[in-house]
Each structure stands twice: as structure tokens, then as C-alpha cells.
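In: mind looking at a prediction? Sequence and model below.
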Amino acid sequence: MEDSEYQRVEAPPRSEDALDRRGFIRMLGAASVPLMAQACASDPDREVPLELERFRGTNPPASVEVQVRRARKNQPILAKAEHLSIDPALTAYLGLGDQCRVLRGEDSYALYTVGQLRSENSETRVRMGMQARSRLGTTDTFDAILSTTVVAEGLSDQEAKDLSEFVERLVDDGQSQSFIALAPHGGFIERHTDDQAELMQSLLADQGASSWLCKGYREGGGAYERWHITSTDISPNSFPGLDLIADRGFAYALSFHGTSLPLVVVGGGGPQWLREGVREVIAGVLAGSGIEVCLSAEVDLYPGDNPGNIVNWLTAGGAGGVQLEQSLPARELYGLAIAEALAEYYAQLL
């Protein structure tokens, strides 16, 4: 398969006892949003992923001229650097919880999540907090283009790098529900995490393993600021490849991430025995390196157990996800060894 393409396949029929993503959200009591025509730390304020209960597939491609204004003091998006609010009229193109690009200029653009629907005097008025506006190089108000096209299609990895772009990659046979390796912040966002996910999938290919990842680049630095979307916010409505597997219900999912802290943290919504097993495997790889490997509860960091975290809702019943937060030395010096050892561990479970 060429690296400029992901495999488009139909998901197989679900078994009667399988719980799909939308069914899982209904079980949690999530409400749907009416439609007119959307480091890696989990967002503690969102216990129920409302954005996932939707009645359409990926968002239609659209670009709209908007006016970006300051968030009001009572808006929940005020202090969120990755969030914005839109007028309900714009739900013709995307909805609550979906991602979009906002372009202020030729080299001033970034990804955002719709964190609130707010009625405005102008249907094209968008609001952001100061941190969110700063990602586009200003704290002032400005005119911009809002685009529902989140990932660039038809680009190889090298072309994406040359163009400072953001691409999505899916490797999937269209039916397996065994295991998926994830790296939503690959490329230059959280370096080497995509290499880990790709290697793990290839080593477990005979067991039907899949992988889904994104690669974001920016010449001169700043890929994290431009392309990072928190794991609890990622919406399949904005990622065509992810939408293909959103209701699959994998037995296990493992998500590779990066942290600036000097340690490795194992979290996720999976059972205790699974997280402990993953920690033991990684600790074996890192023995003698001086890099500490902890469960999230031991350090009160990166729990990764939010039902809205992609590593959880991609698994059957939300019960098979493990999230890894890894220091740069762990990724840079031991990343592939970690992935290889974890592949051997999961091979015994599949």
C-alpha cells in the first residue's frame, strides 16, 4: 500500500453482543446535537464525550469566511487553547466536538475543536480565548477562513513534511477486531510515536492488527502548537480513515504519546492486569536507562481512562485501551524496542 493512501474498506457486521461507539455513548446517557443540513492529557471537564453521538459520517468539505472575536468570560472555551465556539448556523458544515482548520494567513493556521455552540448576531462569528488566538500569532481579533478539511489527502510522508502538512494513515483489513495501534500525534508533533505504532502493527499483522495514526509537520518547529488535538477531543467526523473503524469495537488498543516529563506513564481504561503487564514489559526494555516507568495512579498523571479518549472508545465496551506517555529519550533511544517488546506481549493475548 502506498504511503500516500489509506485503505478504504467497509466495516463488517457487528455481533449481537458487541457495543458500538454510538451505543456506548447512549449507554452513558449522552445527548445528541441537532444538525441543520462537529500533551495528550485528557480533558477532566468532559466526562461524557457528547461529540461522538452523531448521525452522519465525515463532515462535508467547506471553507467559510469568519470573524474571530474574543471569548466571553462565561464561555467554557475561555482558557482552552485548542477550542473555539461557533454559531449554530455553522453546524451545516461541522458540529460540537468536531475539528476544523482556522487560517489567518498563508503561514498562520492551526487545528481547533468546536467546544461550544453559541448564538451570535453574525452567523459567521467565531470566538476563541486568548491562548487559542495566540496559536495564530496574535491576541487581537481578526478575519479568517474556517475549513472543515482537517487532514490533507494524497500526500506521501515526505510531501507532507515538505509542505508542513498534516496527514492521516490507516492500515486495516476491514474486519479484524483484535488490536489497533494508535499514534494521533505522530510526525513532528510527538516525535517517534508514529514509528512505534507502525512497527507494532507490522509485527502483529498476522494476528489481524490495525493501526491508525496522524503525522503533523511544520518547518522550523511548532508542529505541536499547530496540529495537536487532545485525545478526548478527536472526532471521527473529521478524520475519514478513523470514521471507517469508529464502530469496530477492537479487543485491545494501545496509544503511543509523548511527554516532556522524564518518565513513562501507563494509563488507559483497560483492566489493571493489562496496564501492569504493559508496564512490566516497558520496564524490562528500559532497565538500566534511568527512565522510570509508572502506572498513572502512582504519579497522578495522564490517567487516560476518560470514556471519550480515543484509545478507550475504539475498544469493545471501552474496556481494552492502554495509553502510553513517554519521555523524548524513551522514544528516541528505545522507542522501537518498546514497540517490539509490546508486540510480543500482545501476541500472547490475541
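Out: Received the coordinates, thanks.
In: the top helix by length along the chain - contacts with which helices or strands?
Out: Across the chain, the longest stretch assigned as helix under DSSP state H is helix 328-347. Counting by 3 or more Cβ pairs under 8 Å, 6 or more residues apart in numbering; DSSP states H and E, the packing neighbours recorded for helix 328-347 are helix 193-203, strand 252-258, helix 272-285. C-beta coordinates here come from the backbone N, C-alpha and C atoms, glycine included.
In: deepest of these, which one?
Out: Neighbour counts (mean count of other Cβ atoms under 10 Å) averaged over each of the helices and strands packed on helix 328-347 peak at strand 252-258, with a mean of 28.
In: let me see the mean pLDDT of that one.
Out: Averaging pLDDT along strand 252-258 gives 98.
In: specify the angle between that strand and helix 272-285 in degrees.
Out: 50 degrees (axes from the mean of the first three to the mean of the last three Cα atoms, to 10 degrees).
In: residue 109: neighbour count?
Out: Using other Cβ atoms under 10 Å, residue 109 has 20 other residues around it.
In: give the pairing partners of the helix or strand where it lies; include direction for each.
Out: Residue 109 is part of strand 108-117, with elements assigned from DSSP states H and E. Strand pairing for strand 108-117, using DSSP bridges, gives strand 83-86 (parallel), strand 99-105 (antiparallel).
In: hmm, who's touching the first one?
Out: Residues from elsewhere that reach strand 83-86, judged by Cβ atoms under 8 Å, 6 or more residues apart in numbering: 68, 71, 75-77, 94, 100, 102, 112-118, 126-129, 132, 146.
In: in the chain, where is pLDDT below threshold?
Out: For the chain, applying pLDDT under 70 flags the ranges 1-57.
In: tell me where it has strands.
Out: With strands called from DSSP state E, the chain shows them at 63-70, 83-86, 99-105, 108-117, 125-128, 142-147, 166-171, 179-187, 210-216, 252-258, 263-267, 292-295, 321-326.
In: ok, which of these comes nearest residue 155?
Out: strand 166-171 (5.5 Å; Cβ to Cβ).
In: please name whichever of the strands of the chain is nearest to residue 234.
Out: Closest among the strands of the chain, using Cβ to Cβ: strand 179-187, at 5.9 Å.
In: quick one, that closest one and strand 321-326 angle?
Out: Using the same axes, to 10 degrees: strand 179-187 against strand 321-326 is 30 degrees.
In: and strand 179-187, what other elements does it pack with?
Out: helix 193-203, strand 210-216, helix 223-227, strand 252-258, helix 310-313.
In: nearest to residue 269, of the ones you listed?
Out: helix 310-313 (3.9 Å).
In: show me the contact partners of that closest one.
Out: 21, 24-25, 49, 52, 182, 184, 231-232, 234, 242, 253-255, 268-269, 304-307, 318-319, 321-323.
In: residue 236 contacts residue 243, correct?
Out: Yes - look at residue 236 against residue 243 with Cβ atoms under 8 Å: they come within range, at 4.3 Å.
In: which of the strands of the chain sits closest to residue 333?
Out: Per Cβ to Cβ, nearest to residue 333 of the strands of the chain: strand 321-326, 10.7 Å.
In: what's the angle between the closest one and helix 328-347?
Out: Using the same axes, to 10 degrees: strand 321-326 against helix 328-347 is 150 degrees.
In: can you give the distance of strand 321-326 from its chain's centre?
Out: 13 Å (Cα atoms, centre = their mean, to the nearest Å).
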